[in-house]
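Trainee: The sequence and its predicted three-dimensional model are supplied below.
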Amino acid sequence: EHDERAEELLRRDPRASKHPADGKLMILVEEGIYLAGADNRSMWLDSYRIDVYPTTNEDYERFVRATGHRPPRHWLDGRCPANLVTHPVVWVTWHDATAYARWAGKTLPTAQQWEKAARGPRGRIYPWGNEPTAAKCNVAETGIDATTPVSRYQSGVSPAGVFDMCGNVWEWCSTEETPGSGRYELKGSAFTSPFERATPSLQNAANATMQDNDTGFRCVAPA
């Protein structure tokens, strides 16, 4: 159960904290330069905190109950399915993800914040290193063809200690593809994606109204 693992992380990692609004475990990403994009250019980012796990159906249900926001279409009778409690929420638009973030007193990460948390400061190709190991994430080659619990892939954790930065679900970012386009960057690939799409430096975007069975999000907060 990822709650026990969360408690352990809070005990042993001084960078870890629980967010007061939505109770999610967050980890501090220190300020400094990191290597960004496929060309590994140096970029400076201020420090910030990021959710260790993607937003789960259970997390999202608390938001839906508190606000009356429209539940995702795969919930029967508008309730979180018991077998998907620890899976990432899907069928959420960029607007849905942004509404959750606002309710929680957080924001969606910029594409840069997301990438630094996934790759670390030294430009790893994947969260776990430079070896292309499809077994460390939930991608098409894994053959599961569905979302998995957010704490499942422990060997795929990033240098910052963040889970599911490759595979499982695409994650919405706050960064627009081009200003005014209404299209927002998506990061991380999904269970539907071939492994070659899983590199965190990869660029992808979709219209803010898009929703799919392989798209979710996580949030960031000030340090």
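Mentor: On my side now, so go ahead.
Trainee: What segments of the protein are strands?
Mentor: Along the chain, the stretches classed as strands by DSSP state E are 16-18, 25-29, 32-36, 41-45, 48-51, 170-176, 183-187, 205-207, 215-216, 220-222.
Trainee: Neighbouring strands - and their directions - for the third one?
Mentor: Looking at strand 32-36 with DSSP bridges, its paired strands and their directions are strand 41-45 (antiparallel).
Trainee: Show me how far the partner strand is from its chain's centre.
Mentor: Taking C-alpha atoms, centre = their mean, to the nearest Å, one finds the center of strand 41-45 at 21 Å from the center of the full chain.
Trainee: What residues of that strand count as buried?
Mentor: For strand 41-45, a neighbour-count test (16 or more other C-beta atoms under 10 Å) marks residue 45 as buried. All C-beta atoms are positioned from the backbone trio N, CA, C, and that covers glycine.
Trainee: model confidence over it, on average?
Mentor: For strand 41-45, mean pLDDT is 97.
Trainee: Could you do stretch 207-222 as well?
Mentor: Mean pLDDT, stretch 207-222: 98.
Trainee: now the helix or strand of the chain with the lowest mean pLDDT against strand 25-29, angle please.
Mentor: When the helices and strands of the chain are compared on mean pLDDT, DSSP states H and E, helix 2-12 comes out lowest with a mean of 72. Calculated by axes from the mean of the first three to the mean of the last three C-alpha atoms, to 10 degrees, helix 2-12 forms an angle of 40 degrees with strand 25-29.
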